[in-house]
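S.K.: sequence and computational prediction follow.
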Amino acid sequence: MFSQYFGHYLLNKNIVTAEQLQKALELQKSTHLKLGVLAINEGFMSATQVEETHQKQMQMDKRFGEIALQLGYLTEPQLSQLLAAQKESHLVLGQVLVDENILTLEQLSETLSSYKRDHSLSDEQFQAITKGDVELLLNQMLHLEASSDKPLLLDYITLFAKNIIRFVDEQLHMETLLTVNELSGDRIVYQKIHGDIELFTAIIAEETVFLDIASKYSQEALSSIDELAEASVSEFLNLHNGLVTVNLSNKGIELDMEPQQVVANGKIQSFQDASIVKVTISSGSFTLFISKKPPVIS
């Protein structure tokens, strides 16, 4: 995930063009190997065991390696070997930029140092972010300081990022939108959570991105927004919110979820104190909406 933020940093600094960045990200995607693929390649796990581990990820907020250890499919030394073999994404992006003669090695090194300096990151923080600490990365990059509910929001958005990476797209970038009066999309999928706290959550997307999310989550090639597409995105939001409620229940906060709802060609208006996050994946951008009070939906 850090590679997306580093790529946007390069773009904003006019170090690369949008076309160069897009090409590099596409090439990076083809060089990244998931742990499951590496485990099969090394003979540590069977395809059936990898698939079972992926299914377990839909039920708990844990990484692939953690679950494989619990199931007895991997040993600690095997997992360490796989993690060592898995390339760090920002270095893969950097290598692609160097291979394509977009940056020199010296420029890459200087730019990584300036990124760390510009974002006031310590060496330890920078290492943690580049090695996949999603919560620390989002805490640094999202503007949640104004909210009294920052810990709750950070936990919610961090888990959402992890679930997008796990089930939809590894090419992920998130940023908060600070001045928005109205949101609209081809489809709005929303779900209310109530109990010890109240939350209204929604995914707002145009057709192309909505279909991409639905297709990747359902693992079906969907060409139009039909009942299956709507059900797939709805189920993704439901799965995510289910994991949120489990995590909060472990902290003594009890919650219930209402059934998901879908609105076609809808608008969200009249909201206050909402957190609005622009989520960018390979196919484009969509909006994650979170508020304590339900907005007006039309």
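M.R.: Done, it's in.
S.K.: which residue is the nearest non-sequential neighbour of residue 290?
M.R.: residue 275 (4.5 Å; Cβ to Cβ, 6 or more residues apart in numbering). In this view, the C-beta of every residue, glycine as well, is placed from N, C-alpha and C.
S.K.: quick check: phi and psi on that neighbour?
M.R.: Dihedral pair for residue 275: phi -100, psi 120, per degrees, to the nearest 10.
S.K.: distance check, it against residue 56.
M.R.: Counting by Cβ to Cβ, to the nearest Å, the gap from residue 275 to residue 56 is 29 Å.
S.K.: more neighbours, those two?
M.R.: residue 275 (24 against 16; other Cβ atoms under 10 Å).
S.K.: that one against residue 144, yeah?
M.R.: Yes - assessed by Cβ atoms under 8 Å, residue 275 is found in contact with residue 144 at 7.1 Å.
S.K.: what sits in contact with each of the two?
M.R.: Contact criterion Cβ atoms under 8 Å, 6 or more residues apart in numbering; residues shared by residue 275 and residue 144: 153, 176.
S.K.: what's around residue 12, how many residues?
M.R.: 9.
S.K.: need the longest strand for the chain.
M.R.: Assignment by DSSP state E gives strand 183-195 as the longest strand of the chain.
S.K.: measure the residue of the chain most remote from its centre to residue 5 for me?
M.R.: Most distant from the centre of the chain: residue 106, at 30.4 Å, with distances by Cα atoms, centre = their mean. For residue 106, the distance to residue 5 equals 22 Å [Cβ to Cβ].
S.K.: a helix runs through residue 103, doesn't it?
M.R.: No - counting by DSSP: H, G, I helix; E, B strand; the rest coil, one finds residue 103 to be coil, located in no helix.
S.K.: from residue 130, how far off is it?
M.R.: Distance from residue 103 to residue 130, counting by Cβ to Cβ: 17 Å.
S.K.: quick one, strands of the chain?
M.R.: Listed in chain order, the strands of the chain (DSSP E) span 173-176, 183-195, 199-205, 255-257, 261-269, 275-281, 284-291, 296-297.
S.K.: highest mean neighbour count out of those?
M.R.: Highest mean neighbour count among the strands of the chain (mean count of other Cβ atoms under 10 Å): strand 199-205, with a mean of 24.
S.K.: longest helix of the chain?
M.R.: With secondary structure taken from DSSP state H, the chain has its longest helix at helix 227-249.
S.K.: list the buried ones in it?
M.R.: 229-245, 248 (16 or more other Cβ atoms under 10 Å).
S.K.: quick one: contacts of that helix?
M.R.: Contact with helix 227-249 is made by 58, 60-61, 155-156, 159-160, 163, 167-168, 187, 189-191, 193, 196-197, 201-203, 205, 210-211, 213-215, 217-218, 220, 222, 254-257, 260, 262, as judged by Cβ under 8 Å, 6+ apart.
S.K.: please repeat the previous calculation with a cut-off of 6 Å.
M.R.: The set of residues external to helix 227-249 that reach it, using Cβ atoms under 6 Å, 6 or more residues apart in numbering, is 58, 61, 156, 160, 163, 189, 191, 203, 213-214, 217-218, 222, 255, 257, 260, 262.
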